[in-house]
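S.K.: I'd like to go over a predicted model; first the sequence, then the structure.
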There are 2 protein chains.
Amino acid sequence: MLDAAQALVVSDGAARFTLDAVAKRAGVSKGGLMYNFPTKEALLKAMLERLVTHNAAAHAALTERLPDKPGRSLKAYVMNSVRAIDDDDRVSAALLAAVANDPGLLKPASDYFAQRFAKLSRDVPFERAALVYLATEGLWTLELLKMLPFNARQRARIVRHLLKLADEGTDE
Amino acid sequence: MLDAAQALVVSDGAARFTLDAVAKRAGVSKGGLMYNFPTKEALLKAMLERLVTHNAAAHAALTERLPDKPGRSLKAYVMNSVRAIDDDDRVSAALLAAVANDPGLLKPASDYFAQRFAKLSRDVPFERAALVYLATEGLWTLELLKMLPFNARQRARIVRHLLKLADEGTDE
DNA sequence: GTCTATAGTCCGATAGAC
DNA sequence: GTCTATCGGACTATAGAC
């Protein structure tokens, strides 16, 4: 059912994300859907938690494949964020819109964000880690909203710069 | 009427942003509201354009008050973005949610973004300008969504760093 | 557990009087 | 131009059969 819900927001956007549509896409009745998720909010929360889990797993896998030296976690974060936009990202955008009015819904993700930076910046000077982190987040957000004012070449140049900054580790 | 619409999204959020509510807040009937804005989309578009105008004016005013040396436009942009969150920002957040599914609505803002960076980066090395720009945008976005993983001291440190980077101009 | 059917609410937009 | 009144539709959630 969560698969169907995610596929729906990816293809139709957040506006068409209704219980009827999700049930139809999942091949169950609305009653069946609401047996598993008592309210729509419960469904949204489950989708959000799955996104966070996916993201954490992707970052962990990427980190392991990098040499174990200072900044590798931050570097993996950058790499994981600048990939081509995929379905998970599109789900993020739709959910962002859906939950923008319900700050409580974002609480679990908020905690995830706070802990994530703490881990990323452990072996990198604070200011540089924060700069790379914020710039990466800005890049991801603007790209998602199709408001990134860079062409492909400029974007590649920026990504290279971010990775270099993350890689330089503690030698400042 | 636009004032009332903005006040409404600030106080009640995007979910309660209905034509009835806007009309009531503006002290007119729904018919009167829809005489001026034929559809809800027209109303949203007008609000967006006013936001862009406000933002451009604030940046211009801030720029003028800085000494005329390389990087002053970029510096003014950073300063204009890291102020305490105000009503305009809250409107931005609500509109972000409202228009996330309608990419066409964002077109005018998208053009504004593209031109804005071109101006900001005119007298600063590209990579540094892009880094400062993206990090500032990331800071603004995360703060708006209450997902900024920094305390007040760390935030001040980051802002200082961003301003310094913008200020160093072309001496790289 | 999963279904059908429907209750109850709210929205955007229209029609027509004044 | 601005009002009142209302339409048609879509939504979440519930009730109850099987």
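M.R.: Structure's in. What do you need?
S.K.: Only C-alpha atoms from now on, for both contacts and neighbour counts.
M.R.: Noted.
S.K.: Name the SS class of the residue of chain A most remote from its centre, please.
M.R.: Here chain A reaches farthest from its C-alpha mean at residue A:31, the gap being 30.7 Å by C-alpha atoms, centre = their mean. Classification of residue A:31 using DSSP: H, G, I helix; E, B strand; the rest coil returns helix.
S.K.: Can you read off the pLDDT for it?
M.R.: In the prediction, the pLDDT value recorded for residue A:31 is 89.
S.K.: Quickly note the distance from it to DNA strand C.
M.R.: 4 Å (C-alpha to the nearest atom of the strand, to the nearest Å).
S.K.: Ok, residue A:156 next?
M.R.: 41 Å.
S.K.: Same question for residue A:56.
M.R.: 29 Å.
S.K.: Give the burial count for that residue, as a bare number.
M.R.: 16 (other C-alpha atoms under 10 Å in any protein chain shown).
S.K.: which ones are touching residue A:9?
M.R.: A:16, A:17, A:90, A:91, A:94 (C-alpha atoms under 8 Å, 6 or more residues apart in numbering or on different chains).
S.K.: and if you look at residue A:68?
M.R.: Contacts of residue A:68 (C-alpha under 8 Å, 6+ apart): none.
S.K.: coming back round to it: return a ChimeraX selection command for the buried portion of the contacts of residue A:9.
M.R.: The ChimeraX command for the buried members of those (criterion: 16 or more other C-alpha atoms under 10 Å in any protein chain shown) is given here:
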select /A:17,90,91,94
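S.K.: What residues sit buried inside stretch A:72-90?
M.R.: Buried-residue list, stretch A:72-90, by 16+ other C-alpha under 10 Å: A:72-82, A:88-90.
S.K.: ok, the residues you listed vs DNA strand D, which is closest?
M.R.: residue A:90 (18.7 Å; C-alpha to the nearest atom of the strand).
S.K.: Spatially nearest residue to the closest one (excluding sequence neighbours)?
M.R.: residue A:10 (5.7 Å; C-alpha to C-alpha, 6 or more residues apart in numbering or on different chains).
S.K.: Let me know the pLDDT of the one you found.
M.R.: Residue A:10 is given a pLDDT of 87.
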